[in-house]
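Participant: The sequence and its predicted three-dimensional model are supplied below.
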Amino acid sequence: MSNLEPLVKIGDWYYQAAYGQLLPAEPETSNAVPVVLEPRLHSLLNYFLLHPNQVLHKDTLINDVWPPVEGTDAAVMRAVGALRKVLGDNVKSPQYIATIAKKGYQWLCHIEPLTSSQRKPLARVNTISAADLTLADSVSDKGLPWRFISAVCTVLVLGGATLAYMLASVTVAPLTQLPDTVKPLSALTGQEFWATLEPGQQYAFYWHRKSEAAPQQLARQDLTSLKVSYHEELYSAASQLLWVDDNKLLFRARDSAQQCYFYQQQVMPDFMPARRIMPCQRVLLQGLALKEQQWYWLDYAADSRRYELWRRAEDGSTMRLMAFPEKWQKVDQLLVVGSSLYLIAQQDFYRSRLYRVNLEQKQLEAIGSFDNQIVTSSGWDQQHALLTLKNSELQLYNLKNKKQLSLGPMTWELTQPQRYQERIISTQYLDYTTDIVRVSLADEQLLSKQSWQTSNRNERLFAANGEQLAFVSERVGDNQVWLSLSGESRQLSRLAAGQYIQQLFWHRDALLSVIDNQLYQIALDDGSLTLMSSRPVSGRYQSCNDTLYWTEQDSDGWRLMHGQQQPEVLLSGVVNLKCAPEGLVVQFYNDDNLALWSASQPQQLMPLPVSLNWHHILPEQWTSNNQQLLWLDRQQWQLKVYDWHSGETHSYPWPATALPLEIHSDNSGGLFSVQPRHYDTDIVWLQNRG
């Protein structure tokens, strides 16, 4: 098994791998309670289950299970003996763990998964090379589509019923430690984020705002009476809350003047005014960590265009420890696990990487790579991190053996999780729905009209080819490509559950899509997929003037590509592109200024009076057509438009109460936005009914 299922049966036990808990499969009494393994036995049993039937040398166990310098032969022998005692194993006739003379130990017992993975392979995929195509050429705060209520409910009911029946057939005692319910902690009108409990766990603190456009304020909730009180200070943006001591919180926030500061605030036993500690560049939601009385934080240096790691000592002195490559899109999360500091970098448009920070040598050690984005992260215990992955359930990641463990469909797209004993506190989005809305410019005003496609599910990624309009919708449960012609829409793709569409565009009359970091062509008759390249996608694609261009990143950096049978490098340093009337608009990783590039004069670049920093604007937040270049200014709450013919730039206040997640344009210059409807969030407990 490459990954452990959340619940398995091993011999006479049911085992919850995430929590290290065992329950007898055939208890002698109905009052049987789980056996909770201490951390070392928990890690050791998980390691055995991940390597069944393999002979594991003592040195292997020392290296992979024990922290550095703590493991010894004697420690391994004691731990194996203790684990055998818990399981009821006999060393002379073992059922679970065998001793292999002069070689090590071997796990013998059959492992029976009682839950199954939610991910399935893509359906109907053919594989051909780009050269085989008949095309002319060979052939990037929140903002996530949330489907917890609509898409998971059916799975939970059916899966829960099946599991309950399975367990009931073999034991009369319920397996109370399997997470099986989401219970609201806060149920306020509006949105709540980044909950934390004070050390005594009598009060919860979190950020609250009445709507998407409203400022945030700190809320305190008594967990006994459920009474909520608020501090009067307001912020336009605020980060995760961290405890400096039992009474004080530390956070980073942007005030009403849009200035970023670090704040320290006493909140126990009463609210006191927040105290500004020092200025910052940007509010990174999870870019702050506390370790051994020192602050560590990530920030963005605008002058050098780099993310940096800083440290503040106990005496208040600060020092820049590291600067990260410009070619990485984001370095915006820090977490402490055990005695080590980790950071998460998003190195291209799709993938994340986890690093351990060597503070003495000021170096990074790569721990793990992930094919989708890590949205939030936190520590679980001395060896595991709790990760929120985009379009996925919560994951436990073992930092030692680099194994992932899903916490199951109940955790699907919960975010900002923190573990408190046997429960997880998290943020849940309620009735989160996006619409594709037609937007028009009239009399120097921006007018937002009704939804272009009406449904009660998420829609996004609009792409036009004459009268053929493609978009992504979740109206049948999972995200699928839909095709609209003459006002009538039909589902085109038949993707398996869990697959995620990252880009959608037309090349001549062919519909292409990036799905889980791979480029496919989608057949317009039956929706079947043709894999166009075996190389993972790191950048963005665009078809301009019947020529297909794309960007990609390798060890040397970013580059603009095109070509039929042999891909050709056109320009270095380009991370993204859009079409212009006579060429391409190119965006660089090391320069905010956009430029025009033309195939007729490939060595010449014409600067544009438009600055977009690729670290801070998403690929779907700027677009172009034959008349205009358009982009969102999220800080000013505006749409900005550069006219190709006049060379003038105009600004339009966005008319809705929430900024769009995406903007797209069609062939005739029409503008479409992906607009979230009004929604609430709640702070919730993920727990079990017991």
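Facilitator: Received the coordinates, thanks.
Participant: drop to CA atoms for contacts and neighbour counts, all remaining ones
Facilitator: Will do.
Participant: from what I can see Glu662 touches Ile617, true?
Facilitator: No. With contacts counted by CA atoms under 8 Å, Glu662 stays clear of Ile617, the gap being 10.5 Å.
Participant: neighbour count winner among the two?
Facilitator: Glu662 (22 against 14; other CA atoms under 10 Å).
Participant: Flag the shaky bits of this protein, pLDDT-wise.
Facilitator: Scanning the chain for pLDDT under 70 picks out 1-3, 27-33, 69, 115-180, 564, 689-690.
Participant: Would you mind giving the domain segments of it?
Facilitator: Domain ranges of the chain: 7-114, 125-129+135-140+432-676, 180-290, 292-407, per automatic domain parsing.
Participant: now those domains in CSV, with distance to Arg423?
Facilitator: Shown next, in CSV, are these (distance: least, CA to CA, whole Å):
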stretch, distance to Arg423
domain 7-114, 10
domain 125-129+135-140+432-676, 24
domain 180-290, 10
domain 292-407, 11
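Participant: In a helix, Ile663, correct?
Facilitator: No. Under DSSP: H, G, I helix; E, B strand; the rest coil, Ile663 falls outside any helix and is assigned strand.
Participant: For Trp380, see how far away Glu38 is.
Facilitator: 14 Å (CA to CA, to the nearest Å).
Participant: As a check, name the ranges of all strands in the stretch 301-450 of the chain.
Facilitator: 306-312, 318-323, 330-337, 340-346, 352-358, 363-370, 374-379, 384-389, 395-398, 404-406, 415-420, 423-430, 434-442, 445-451 (DSSP state E, counting those that start in this stretch).
Participant: So what are the sheet partners of whichever strand or helix holds Ala595 and their directions?
Facilitator: According to DSSP states H and E, Ala595 maps onto strand 593-598. Using DSSP bridges, the neighbouring strands of strand 593-598 in the sheet come out as strand 583-588 (antiparallel), strand 601-611 (antiparallel).
Participant: secondary structure class for the residue lying farthest from the centre of the chain?
Facilitator: For the chain, the largest distance from the centre (CA atoms, centre = their mean) belongs to Lys92, which lies 48.0 Å off. At Lys92 the chain is in coil, as set by three-state DSSP.
Participant: returning to what we had before: now distance to Tyr206 and mean neighbour count too, for the strands of the stretch 301-450 of the chain, in CSV please.
Facilitator: Converted to CSV, the strands of the stretch 301-450 of the chain look like this (distance: least, CA to CA, whole Å; neighbours: other CA atoms under 10 Å):
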stretch, distance to Tyr206, mean neighbour count
strand 306-312, 25, 20
strand 318-323, 28, 15
strand 330-337, 19, 23
strand 340-346, 23, 21
strand 352-358, 27, 19
strand 363-370, 29, 14
strand 374-379, 16, 22
strand 384-389, 19, 24
strand 395-398, 23, 21
strand 404-406, 26, 21
strand 415-420, 11, 22
strand 423-430, 10, 22
strand 434-442, 25, 20
strand 445-451, 33, 15
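Participant: quick one: which of these is nearest Ile62?
Facilitator: strand 395-398 (15.2 Å; CA to CA).
Participant: Give me the distance from the closest one to the chain's centre.
Facilitator: From the chain centre to the centre of strand 395-398 is a distance of 14 Å (CA atoms, centre = their mean, to the nearest Å).
Participant: contacting residues around that strand?
Facilitator: For strand 395-398, the surrounding residues in contact (CA atoms under 8 Å, 6 or more residues apart in numbering) are 18, 380, 383-389, 403-407.
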